[in-house]
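Enquirer: sequence and predicted structure, then a few things I'm wondering about:
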Amino acid sequence: MIYKIFNTIAFRLTIWFTGIFTVCSGVTFILFYFLAIQTIQTQIDQQLLDNASKFSTIIRRNGLMGARELAVVEAQAAGEKVIFFKLVYPTGEVFASSHMSYWEHVHVSKHVLTSLIINKVSVFETVPIPLTRQKARILYSYVAPNVILQTGIVMDFYSRFLSAFKKVFIGAMGFIIIFSAMSGWLLIRKALSGVTTITKTAQNITGSNLEARVAGTGNKDELDYLAITFNSMLDRIEELVKSIREMSDNIAHDLKTPLTRIRGFAELTLIHEETLEDYRIMASNTIEESDRLLDMINTMLVISRAEAGEGDFEFKKIDLSGMIKGACDLFAPLAEDKNIRFVQTIEEQILIVADIKMLQRAISNLIDNAIKYTPENGKISILVFKENQQVIIKIEDTGVGIAPEYFEKIFERFYRAESSRTSAGTGLGLSLARTIVRQHNGDIFVSSRQSDQQSGKQAGKQADRESGQLSGQLGKGSIFVVRLPYNNLEVI
Amino acid sequence: MRILVVEDDLKIAEFIQKGLKSSGFAVDHAPDGVQGLEMAFGEPYDTMVVDIMLPQMDGISLIKKIREKKNNTPIIILSARDRVDDRVNGLQAGADDYLTKPFAFSELLARIQALIRRAGNVTDPVSLSYADLSIDMLKRQVKRENEIIELQPLEFSLLEYLLRNRERVVSRTMIMEHVWDYNFDPMTNVVEARICRLRDKIDKDFEPKLIHTVRGAGYVLKVK
């Protein structure tokens, strides 16, 4: 448990927070300390200089006798323990002083005196007062030619300040450390509480419960963005899971239907029918339905393997023009049966690297789709040409058309308008076509000749209600465009 | 003609045996690889049908062992594994053909006959005929009752395929593969449409009718 706390970001951040806070306040205190000491010392020095100038004035006015009196009086006035005055000849001989019993161990420093005589500049000196814990500030200054004043002040205020400062410093630092640690811990915990919420939400997410969302704080900070990102990720996952669920429902439905038909037909034949011909019909029906099932399963396998990047694709140099012509020939009789005009405009000798069997399937599915959705006496045109390093295969029909909101949907696996589920076809053809084309680094798009999107949508909805078709308006037609890269001859 | 079927699923083995016997073959069955190997060397077979997933010894090892002993009996693999890799492995081990399960029995039969024909070095005939129908492969000409019938190239290929497999049912998938070189069945009735046109030209004005639909199974060219 404790080990766990040591490992938390909150703990580590608190340590940092406290450390930085302590260092900063320590530095502040030290700077303040030096500034205060500086100020106090300047003040003391000024006082000493003032006294010195007083003495020089008195000496000029009243002679040395006046100075002698002044020394005694001034010391008595300020307190003889606080201040002293000594008048000295440059030789070091003291000729007058204030009451010195408290200051008897403070002597005239010979080398300070020498430096004063040479430089003629007043000299300050800080010395400890022997037998006490106090310090004194001493000034040596000429107050008259040949008269030097040595005066000192006890740095009593200074020491008191120092000890008070020490107390304040220790107290304040203690408070700062404890306060910063506690406030840091609380603040960081609060700031990171969003993370905890997200973690808890994530822990509650299961396959069946994807509805939980993190409550955003709304204050647009990083955690709010994390929450928003997390939620949108959950939205996407939920959507995917939903679509997978839908797809498996669709698969189950599409597999169950032929099985139901097979089983039902076989059962009925066993119960009621007796002639050999009845059994023959039942058997052939079973084969047809099984073939459909098998085709569906195989197509699903091709799609899912290709999407997983494990498709059995065999790329070779092929004649695309010839392949598409072949596919057109294959479907020509079907178009003829519906009296559909089948117009082919195919550029000759387009050679690309592709899996011919797979592309055959894709193109066949598209042509098959066009024939299925084009009414009798309609027209289908197939255009194949090169454009900007791409091969364009355009399949236009005059069929029912597709409303724009279905442009993407129709390529989804098993997608068919709900009410057209019962009609023939696996709902996999277009999905397979797109998968194959994408494996060739190309793509398929669909558009409808309906140019007015709004009316297309409305027409689509209406048609949806009425006939279950993905249609715009009848006779508007759809255009499937396949784009394949043309510059891939060198790939293999 | 004698055929060995090495297959562990007894129901599948049973219907293969039944089907081949009714087509005039003598059939032996081995339920696992080891027994299959023993039988392969015990008696000369004209063809072997071998499954890959077998108990005791898998089909690939079985085929390799047979080929190691310089036994060149034609072998067709029958397996549910449909990946290109699986096919390549099977053919490299020494099999002559590969058919995936589930399969149309007519296709298995056609493939077995093709293998036997190939092993016997039968050359392609220049002309084929059946009843009063005859086609000349060089002139690409079709006659019935000595009357020349004009056919489109695809229709000619279709008729040729039916005629080569006369009195034998060919499935839609087989037609797609051999006539159009497509390896899938578009489910939509492209084959049916083509057969209808061919029938119009071959059967409409003549008796007896030759091209028949076998519901669910495919088409057959024969005098009923």
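Expert: Right, received. Where do you want to start? Residues are numbered from 1 along each chain as shown, chains lettered A, B, ... in the order given.
Enquirer: hey, let's count contacts and neighbours off CA atoms from now on
Expert: Noted.
Enquirer: phi, psi of the closest residue to B:P31 other than its chain neighbours?
Expert: Distances taken as CA to CA, 6 or more residues apart in numbering or on different chains place B:D8 nearest to B:P31, at 4.5 Å, with adjacent residues excluded. Here is the backbone geometry of B:D8 (degrees, to the nearest 10): phi -90, psi -20.
Enquirer: quick one: contacts for B:D8?
Expert: Counting by CA atoms under 8 Å, 6 or more residues apart in numbering or on different chains, B:D8 touches B:30-32, B:51, B:54-55.
Enquirer: do A:K120 as well
Expert: Counting by CA under 8 Å, 6+ apart, A:K120 makes contact with A:Y142.
Enquirer: ok, it to B:A80 distance?
Expert: With the distance defined as CA to CA, to the nearest Å, A:K120 ends up 117 Å from B:A80.
Enquirer: what's around the closest residue to chain B within the stretch 251-400 of chain A, how many residues?
Expert: Using CA to the nearest CA, the single residue of the stretch 251-400 of chain A nearest to chain B is A:S284, 4.1 Å away. Counted by other CA atoms under 10 Å in any protein chain shown, the residues lying close to A:S284 total 16.
Enquirer: pull out the buried residues from the one helix or strand it maps to.
Expert: Using DSSP states H and E, A:S284 sits within helix A:276-307. Buried residues in helix A:276-307, counted by 16 or more other CA atoms under 10 Å in any protein chain shown: A:281-293, A:295-296, A:299-300, A:302-303, A:306.
Enquirer: after it, next one along is what?
Expert: Sequence order places strand A:316-319 as the next helix or strand after helix A:276-307, per DSSP H and E.
Enquirer: and the helix or strand following that next one, what does it pack onto?
Expert: Next in sequence after strand A:316-319, counting helices and strands by DSSP H and E, comes helix A:320-337. Here helix A:320-337 touches strand A:341-346, strand A:351-354, helix A:356-373, helix B:190-202, going by 3 or more CA pairs under 8 Å, 6 or more residues apart in numbering or on different chains; DSSP states H and E.
Enquirer: name the residues that touch helix A:320-337?
Expert: So helix A:320-337 is contacted by A:341-342, A:346-352, A:356, A:360, A:363-364, A:367-368, A:371, A:384, B:180, B:189-190, B:193-194 (CA under 8 Å, 6+ apart).
Enquirer: show me how far stretch A:252-265 is from its chain's centre.
Expert: Counting by CA atoms, centre = their mean, to the nearest Å, stretch A:252-265 is centred 50 Å from the centre of its parent chain.
Enquirer: I'd like the average pLDDT over it.
Expert: Stretch A:252-265 shows a mean pLDDT of 84.
Enquirer: list of residues touching that stretch?
Expert: Here stretch A:252-265 has contacts from A:282, A:285-286, A:289-290, A:293, A:426, using CA under 8 Å, 6+ apart.
Enquirer: in it, what counts as buried?
Expert: A:254-255, A:258-259, A:262, A:265.
Enquirer: which bits of chain B sit near chain A?
Expert: B:83-84, B:180, B:182-190, B:193-194, B:215-217 (CA under 8 Å from any CA of the partner chain).
Enquirer: for ChimeraX, what selects the buried ones among the residues you listed?
Expert: In ChimeraX, a selection of the buried entries from the residues of chain B next to chain A looks like this (16+ other CA under 10 Å):
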select /B:180,182,183,184,185,186,187,188,190,193,194,216,217
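Enquirer: in helices, which of the residues of chain B next to chain A appear?
Expert: Counting by DSSP state H, the part of the residues of chain B next to chain A found in helices is B:84, B:190, B:193-194.
Enquirer: one step back: for the residue of the stretch 251-400 of chain A closest to chain B, give me its contacts.
Expert: B:215-217.
Enquirer: flag the shaky bits of the stretch 301-450 of chain A, pLDDT-wise.
Expert: A:415-426, A:450 (pLDDT under 70).
Enquirer: out of the contacts of B:D8, which comes closest to chain A?
Expert: Closest approach between the contacts of B:D8 and chain A, by CA to the nearest CA: B:D51, at 19.6 Å.
Enquirer: picking up where we left off before, could I get the contacts of A:S284 in JSON lines, plus columns for pLDDT?
Expert: Listed next are the contacts of A:S284 as JSON lines, based on pLDDT from 0 to 100:
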{"residue": "B:R215", "pLDDT": "84"}
{"residue": "B:G216", "pLDDT": "80"}
{"residue": "B:A217", "pLDDT": "84"}
